[in-house]
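**Student:** Structure, please.
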Amino acid sequence: MLKSKTFLKKTRAGGVMKIVREHYLRDDIGCGASGCAACGGAHEGPVLELQPLDRASSLCPQPHYLLPDTNVLLHQIDVLEDPAIRNVIVLQTVLQEVRNRSAPVYKRIRDMTNNQEKHFYTFTNEHHRETYVEQAQGENSNDRNDRAIRVAAKWYNDHLRKMPAEHRLQVLFITNDRRSKEKAVEEGVPAFTCEEYIKSLTANPELVDRLACLSEEGNEIESGKTIFSEHLPLSKLQQGIKSGTYLQGTFRASRENYLEATVWVHGDDEDNKEIILQGLKNLNRAIHEDIVAVELLPRHQWVAPSSVVLQDEGQNEDDIEKEEERERILKTAVNEKMLRPTGRVVGIIKRNWRPYCGMLSKSDIKESRRHLFTPADKRIPRIRIETRQASTLEGRRIIVAVDGWPRNSRYPNGHFVKNLGEVGDKETETEVLLLEHDVPHQAFSQAVLSFLPKMPWSITEKDMKSREDLRHLCVCSVDPPGCTDIDDALHCRELENGNLEVGVHIADVSHFIRPGNALDQESARRGTTVYLCEKRIDMVPELLSSNLCSLRSNVDRLAFSCIWEMSHNAEILKTRFTKSVINSKASLTYAEAQMRIDSAAMNDNITTSLRGLNKLAKILKKRRIEKGALTLSSPEVRFHMDSETHDPIDLQTKELRETNSMVEEFMLLANISVAKKIHEEFSEHALLRKHPAPPPSNYEILVKAAKSKNLEIKTDTAKALADSLDRADSPIFPYLNTLLRILATRCMMQAVYFCSGMDNDFHHYGLASPIYTHFTSPIRRYADIIVHRLLAVAIGADCTYPELTDKHKLADLCKNLNFRHKMAQYAQRASVAFHTQLFFKSKGIVSEEAYILFVRKNAIVVLIPKYGLEGTVFFEEKDKPKPRLIYDDEIPSLKIEDTVFHVFDKVKVKIMLDSSNLQHQKIRMSLVEPQIPGISVSADASNMDINEPERKKKKLQK
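**Tutor:** Numbering: from 1, shown residues only. Alright, predicted model coming up:
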């Protein structure tokens, strides 16, 4: 049966276009019940069980299916994902509404409908002759959709009555809309709210904890005192932003001070790029990363960024007077220059909530169901949840989702989602850091794995068609020990004309990952492989990353080769690119390659090739540094693991060899050569990488620190900086140059991916290169896969596709890649921090030499070269007399009593693990030398109670 809809649409030119849409209605759409004879198995995919006996509901004792409406799916997705909830009918109407309103929830529903064990069935009610409803005159689309859902629920109940008596089933309509529920009951459809139904499942009481609390009135604090001003409706906010009364921006909470935040204003107005918010009422229930509307306060109410560290430790939710007292502390006397534009949040444009990891702060009230949850991320406020499992959840990492934040509640309301495991457990903490840094780490789905090549795999004639056979070349790879995802291999040989041929061969990942399929989409979403201390979260499935794409020795592999003809002085005479087949003759570690180069006894082809590469690399590096490329430093740490417990037993900084530099030089050269080629071919949509020059203010700390040691650092250009860093040497203090380079690294901007058609500044500051991209690591970076595709089209080795030449889509992709790379970096740092804690937990208290990197108002930040470890030594502590501190920002220096500390001064510190706060265990450092009475501690002083968690201490004192 055919229905048609006609509507009029205005064109850009101002004309009117008549559009007719055809809508087909069918009789052969199955209901999804596996025992239904009437449908005769017309359904596809997972079906509903014949006898759903898994749920014992006191409201409906007989077997039944569930049919939820849109709001239940949107807000109670955590409950629906529980294994106890099965046999759910998801209507097409509901799915379409969810898709329009929340992409993440839509994805979670699709995952459930694809999961055979859940028995979620999608019913296309909009195309079924008996369940399709037309919009009545005067009826809005929302009401029409509600009616369509009720019609489908009624049809299901009537339809399933035709089944044999022993298999007869009911369909329960689940809705939180009171009007819709009343209408359904009038029409004879059994209907319940989500809460009523979940509470009726007596065998699964834990499900109640996962219910989102949506009725704000019911969850407000009994006192009913209004704390916050009302949020303005979206329509008023949009008007205000248009007229300039309000400013729109991203809310960024402070880690150090829970009463302070900044809003980064969207747009090009340089004057008010960053607005400060201070005090609970001005923050007005905004949560980190929300998009908010802000009203600027009059100039006489402007404040300066606070230097006070304030953590929200209160248990009593009503203690607003105390908050006001703390807010007064923030408003210390400051000079006029330090005042910044200040504002208050008037409304929320878009909530950017996510599930948060953290710990339960159990209520002191016995038998209480209400407890506060403290997130691991200090920028997120505590969340009030209701749970009956408080005693089992204490001391464990859990996930909580936010439901809302009423005006008269000090904290937002939320609900329990998942118990991750015990605090301090390695698996649990790794899961937490992956979740907190939004690293996609679930196992690859079947849909993704289905696009992998079938094993056993071999190179076919078809694969060879547009490839050069380079298997005869003496190619080898050089990587860190234990590396299984080998992206790159190299070769160097002398040509008959006396010149040298140098090749960089990169795994041809784009041969296996074709544009647009599920494998490609998942790789793009992940963006990068994440390397943690003893775990690797792959961007592509292991079959590719460690096998078919890994350029292991003595196997044929597909590659993308960049081959140069060079003079012995490393001048490039010719460059060519080709898809190829290679057979690596050796997979070496940096140490093995170095040994071959240095050993006079070895003169085989591989060693000769390596020596040629090394000689050229040295010339290339010298030339690059002459142009102004920076050689910066950052202390990288390597853990030595116990082979059985996998706990860190030793910690040392990584040693870099000549061969590290050799590989790096040729990778940089290949990236630059490819960048030029793809930009030549695709000036508007080449994916490139740039490194912006830092603003001069970034260098202040470096210049001042060098000046305090009578050294001059020039920062006008990268070349001037590189030269002055080379000159900054002290014969009596050899480590000073490394410290300066570490400090210079901190002054740098972040390097980012961008689309050439959306930007005109291509320069890479750190490498002193006018153009740059990433081509050499496609196994672990998605950007390189796109670059491979662009290069393949440029040399005629592959065909293009629409998204590849759409600069807006490419710009969106770059945005995701930049975010994923930043998060991967943070996750790696968090993993190093956690393993460092494990190391010092078993090591006990140690004293080591350290150098000052920064001086603060009440602390010094030090670096311990032996461990590559950075930490803060505080000089003001709770319950101890405050020392006399004088801070000078100009030098910079900090005077404590009669001792003055400058940047780069050598000190001795005691290192220990402070476990007094289970959630935030940290490495704590105390000053040993120089000795300051009342401040310094003795090197062997053992202060063991610092490793006792709070609650254990209380027990010991009893």
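**Student:** what comes up buried for the helix ranked longest in the chain?
**Tutor:** Assignment by DSSP state H gives helix 807-843 as the longest helix of the chain. For helix 807-843, the buried set under the neighbour-count rule, 16 or more other CB atoms under 10 Å, comprises 810-811, 813-814, 817-818, 820-821, 823-824, 827-828, 830-841. To be clear about C-beta, it is placed using only N, CA and C from the backbone, and glycine gets the same treatment.
**Student:** My guess is residue 245 contacts residue 293. True?
**Tutor:** No - using CB atoms under 8 Å, residue 245 makes no contact with residue 293, being 9.2 Å away.
**Student:** Between these two, tell me which one has more neighbours.
**Tutor:** The neighbour comparison of residue 245 against residue 293 (other CB atoms under 10 Å) goes to residue 293, with 25 against 14.
**Student:** name the element that one belongs to?
**Tutor:** Secondary structure assignment for residue 293, by DSSP states H and E: strand 291-296.
**Student:** how far is that strand from where the chain is centred?
**Tutor:** Chain-centre distance of strand 291-296: 25 Å, with CA atoms, centre = their mean, to the nearest Å.
**Student:** Partner strands of that strand and their direction?
**Tutor:** Looking at strand 291-296 with DSSP bridges, its partner strands are strand 246-253 (antiparallel), strand 343-350 (antiparallel).
**Student:** Tell me how far the last one lies from the chain's centre.
**Tutor:** Which is strand 343-350. Distance of strand 343-350 from the chain centroid (CA atoms, centre = their mean) equals 25 Å.
**Student:** So for it, what gets flagged as buried?
**Tutor:** 343-349.
**Student:** which among the residues you listed gets closest to residue 72?
**Tutor:** For these, the minimum distance to residue 72 (CB to CB) is 23.2 Å, reached by residue 348.
**Student:** Tell me the bridge partners for that closest one.
**Tutor:** Under the criterion used (DSSP bridges), residue 348 bridges to residue 292.
**Student:** That one: what's it in contact with?
**Tutor:** By CB atoms under 8 Å, 6 or more residues apart in numbering, residue 348 lies in contact with 231, 285-286, 290-293.
**Student:** Need those residues in JSON lines (columns: distance to residue 865 and pLDDT).
**Tutor:** Converted to JSON lines, those look like this (distance: CB to CB, whole Å; pLDDT from 0 to 100):
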{"residue": "231", "distance to residue 865": "51", "pLDDT": "91"}
{"residue": "285", "distance to residue 865": "46", "pLDDT": "92"}
{"residue": "286", "distance to residue 865": "42", "pLDDT": "94"}
{"residue": "290", "distance to residue 865": "41", "pLDDT": "92"}
{"residue": "291", "distance to residue 865": "43", "pLDDT": "93"}
{"residue": "292", "distance to residue 865": "44", "pLDDT": "93"}
{"residue": "293", "distance to residue 865": "48", "pLDDT": "94"}
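**Student:** For those residues, name the two members farthest from one another.
**Tutor:** Spatial extent of those (CB to CB) is set by the pair 285 and 291 at 13.8 Å.
**Student:** which of those two has more neighbours?
**Tutor:** residue 285 (22 against 16).
**Student:** Contacts only, for that one.
**Tutor:** By CB under 8 Å, 6+ apart, the residues touching residue 285 are 228, 231, 345, 348, 405, 407, 412.
**Student:** can you check residue 450 too?
**Tutor:** residue 518.
**Student:** The chain should start at 24 in everything you say after this.
**Tutor:** Understood, numbering begins at 24; the last thing we discussed is residue 473.
**Student:** partners of the helix or strand containing residue 525, with directions?
**Tutor:** Per DSSP H and E: residue 525 is located in strand 523-530. Strand pairing for strand 523-530, determined by DSSP bridges: strand 511-517 (antiparallel), strand 579-589 (antiparallel).
**Student:** The stretch 274-423 of the chain: strands as residue ranges?
**Tutor:** 283-288, 297-301, 314-319, 366-373, 379-384, 393-398, 406-409, 419-427 (DSSP state E, counting those that start in this stretch).
**Student:** closest one to residue 58 among the ones you listed?
**Tutor:** Short answer: strand 419-427, nearest of the strands of the stretch 274-423 of the chain by CB to CB, at 36.5 Å.
**Student:** which other residues reach the closest one?
**Tutor:** 98, 101, 235-237, 239, 242, 310, 376, 378-383, 396, 398-399, 406, 408, 435-446, 451-452, 454-455, 458.
**Student:** C-terminal to that strand, what's the next element?
**Tutor:** Strand 419-427 is succeeded, C-terminally, by strand 436-445 (DSSP H and E).
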